[in-house]
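> No sequence on hand, only this structure:
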Ligand SMILES: [Zn+2]
């Protein structure tokens, strides 16, 4: 399962999470997935949009429609 590195849009700390194609609705790209920043001082959810190679296109601060999974970041 691929691991992705990025930055939390709430606190801008580096985050890391595992994602595969089963975590997104592949009928339309970029596809949203919900990411929870697993951190005591943050813990917030945001929406990450990924392309067909699971690369992050852009992010939104809140929960946008269309996602099918919520992923917790790896500590
Ligand atoms: Zn955060």
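Cool, got the structure. These numbers come from a predicted model, not from an experiment.

> rest of the way, CA atoms for contacts and neighbours
Noted.

> Count the neighbours of residue 49 for me.
Residue 49 is surrounded by 21 other residues when neighbours are defined as other Cα atoms under 10 Å.

> Isn't residue 69 up against residue 25?
No: checked against Cα atoms under 8 Å, the pair residue 69 and residue 25 is beyond contact range at 9.1 Å.

> The closest residue to residue 45 other than its chain neighbours: neighbour count?
With sequence-adjacent residues excluded and distances taken as Cα to Cα, 6 or more residues apart in numbering, residue 45 is closest to residue 36, at 4.3 Å. Here the count is done by other Cα under 10 Å, and residue 36 has 20 residues near it.

> Likewise for the one 5 residues further on?
Taking other Cα under 10 Å as the neighbour definition, residue 41 ends up with a count of 8.

> Repeat that for residue 13.
Neighbour count for residue 13, taken as other Cα under 10 Å: 12.

> for the one 3 residues further on, same thing?
When neighbours are counted by other Cα under 10 Å, residue 16 registers 18.

> Okay, buried residues for the helix or strand that contains it please.
The secondary structure element spanning residue 16 is strand 14-18 (assigned by DSSP states H and E). Judged by neighbour count using 16 or more other Cα atoms under 10 Å, the buried positions of strand 14-18 are 15-17.

> Let me see the contact set for the residue nearest to residue 45.
The neighbourhood of residue 36, defined by Cα atoms under 8 Å, 6 or more residues apart in numbering, consists of 43-46, 70-73.

> next one: residue 44
Residues touching residue 44, when contacts are defined by Cα under 8 Å, 6+ apart, comprise 10, 36-38.

> can you check residue 65 too?
Taking Cα under 8 Å, 6+ apart, we find residue 65 in contact with residue 32.

> Use 367 as the first number for this chain going forward.
Yep, numbering from 367; the last one is residue 431 now.
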